[in-house]
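Colleague: could you look at this predicted model? Sequence included:
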Amino acid sequence: MIGCWINGEPGEAVSARDRGLQYGDGLFETMAVVDGRVRLLESHLARLYSGLSRLAIAPPDRDMLSHEIAAAAASPGAGVLKLMITRGVGARGYRPHAGAATRVLMAWPARENPWTASGVELRLCVTRFAEQPALAGLKTLNRLEQVLARAEWGDDPPEGLMLDGAGRVISGTMSNLFAVLPQGLATPALGRCGVKGVMRGAVLAAAAAHGIATVERDLTLADLAHASELFLSNALIGVWPVRRLGQRTLAVGPLARAAQGWIASL
């Protein structure tokens, strides 16, 4: 880790009574730093503040937070920022309070990313998402479903595909999924569970701007079997083509490469 700031001050300690630690009561954003600036910063902030409103967590001043993020992004060697906003320190019990939120901001170096060019193998996870529309789309601090899913295998492959309890395709453990179908570019609907990634939104917007039909809808494994291409996205990796899902091998296709080009121009 390059640096850590608690409520704008250097440090690594939060109260044991913080509701983020006690209950996972909060949200987080993981942001890519490119040339000292956060890529898609406004999209990250829009999702964050929308989520804080949905959870009724007191939002920090936006100008102050933007300044803190910019300062962290300018840290030498910073490639990744992780921002956590919790409901703050509260009394015992689930009932939310109206106190000040806690801000935790960390800077990390970027990781090696060899799969952008070669594509990834995608395994099917046993662990499934539970449905909770009240939290659907949000990037909450409770990631236990993804933790359990990621514990299912070792170092390789780098990502796994997760379904919901009804067998609908939702996402990877850390990424959103796109499928190139005869009808156009499809990505799973996330009204029941899953995280609406900022890179997912950027890819959808870029595809539409290039005249490509896009749709957010329920997808099944049977639908993926008819896809000519599959690819993954998140704020850090950009776009990863999928070259293998289970026993099926796929070619790295032109739309995945086009999406990588769109992201590179952001």
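Modeller: Looks like it arrived, so ask away. Residues are numbered from 1 along each chain as shown.
Colleague: from now on I want contacts and neighbour counts done on CA atoms only, so please keep to that.
Modeller: Fine.
Colleague: what backbone torsions are found at residue 146?
Modeller: Main-chain torsions, residue 146, degrees, to the nearest 10: phi -70, psi -40.
Colleague: residue 264 too?
Modeller: Main-chain torsions, residue 264, degrees, to the nearest 10: phi -60, psi -30.
Colleague: over to residue 89?
Modeller: The phi/psi pair for residue 89 (degrees, to the nearest 10) is phi -80, psi 130.
Colleague: who does it bridge with?
Modeller: Here residue 89 sits in beta bridges with residue 18, as judged by DSSP bridges.
Colleague: ok, now which ones touch it?
Modeller: With contact set as Cα atoms under 8 Å, 6 or more residues apart in numbering, residue 89 has these partners: 15, 17-19, 99-102.
Colleague: and the pLDDT at it?
Modeller: On pLDDT, residue 89 comes in at 96.
Colleague: circling back to that earlier point, what's the closest of the contacts of residue 89 to residue 193?
Modeller: residue 19 (22.2 Å; Cα to Cα).
Colleague: from residue 261, how far out is that closest one?
Modeller: 41 Å (Cα to Cα, to the nearest Å).
Colleague: neighbour count: the two, which is higher?
Modeller: Looking at residue 19 and residue 261 with other Cα atoms under 10 Å, you find the greater number of neighbours at residue 19, namely 24 against 13.
Colleague: you'd agree the more buried one is up against residue 57?
Modeller: No. Taking Cα atoms under 8 Å as the contact criterion, residue 19 and residue 57 are not neighbours in contact, 11.1 Å apart.
Colleague: mutual contacts of these two, please.
Modeller: Taking Cα under 8 Å, 6+ apart as the contact rule, residue 19 and residue 57 both touch 26, 86-87.
Colleague: now, which of the residues you listed sits nearest residue 8?
Modeller: residue 86 (14.1 Å).
Colleague: center of the protein, which residue is that?
Modeller: residue 197 (4.5 Å; Cα atoms, centre = their mean).
Colleague: correct me if wrong: that residue contacts residue 235.
Modeller: Yes. Using Cα under 8 Å, residue 197 makes contact with residue 235 at a distance of 7.3 Å.
Colleague: residues touching residue 231, list them.
Modeller: Per Cα under 8 Å, 6+ apart, neighbours of residue 231: 177-179, 239-242, 256.
Colleague: how about the residue nearest to it when sequence neighbours are not counted, phi and psi?
Modeller: Computed as Cα to Cα, 6 or more residues apart in numbering, the closest residue to residue 231 that is not its neighbour in sequence is residue 241, at 4.2 Å. Note on residue 241: its backbone torsions stand at phi -70, psi 150 [degrees, to the nearest 10].
Colleague: residue 124 and residue 158, how far apart?
Modeller: Applying Cα to Cα, one obtains 12 Å for the distance of residue 124 from residue 158.
Colleague: and for residue 174?
Modeller: Applying Cα to Cα, the value for residue 174 to residue 158 is 10 Å.
Colleague: more neighbours: which of the two?
Modeller: Comparing residue 174 with residue 158 by other Cα under 10 Å, the one with more neighbours is residue 174, at 22 against 15.
Colleague: which phi and psi does that one have?
Modeller: Residue torsions, per degrees, to the nearest 10, at residue 174 are phi -130, psi 10.
Colleague: returning to what we had before: closest one to residue 204 out of the contacts of residue 231, please.
Modeller: Nearest to residue 204 among the contacts of residue 231, with distances taken as Cα to Cα, is residue 178, at 9.5 Å.
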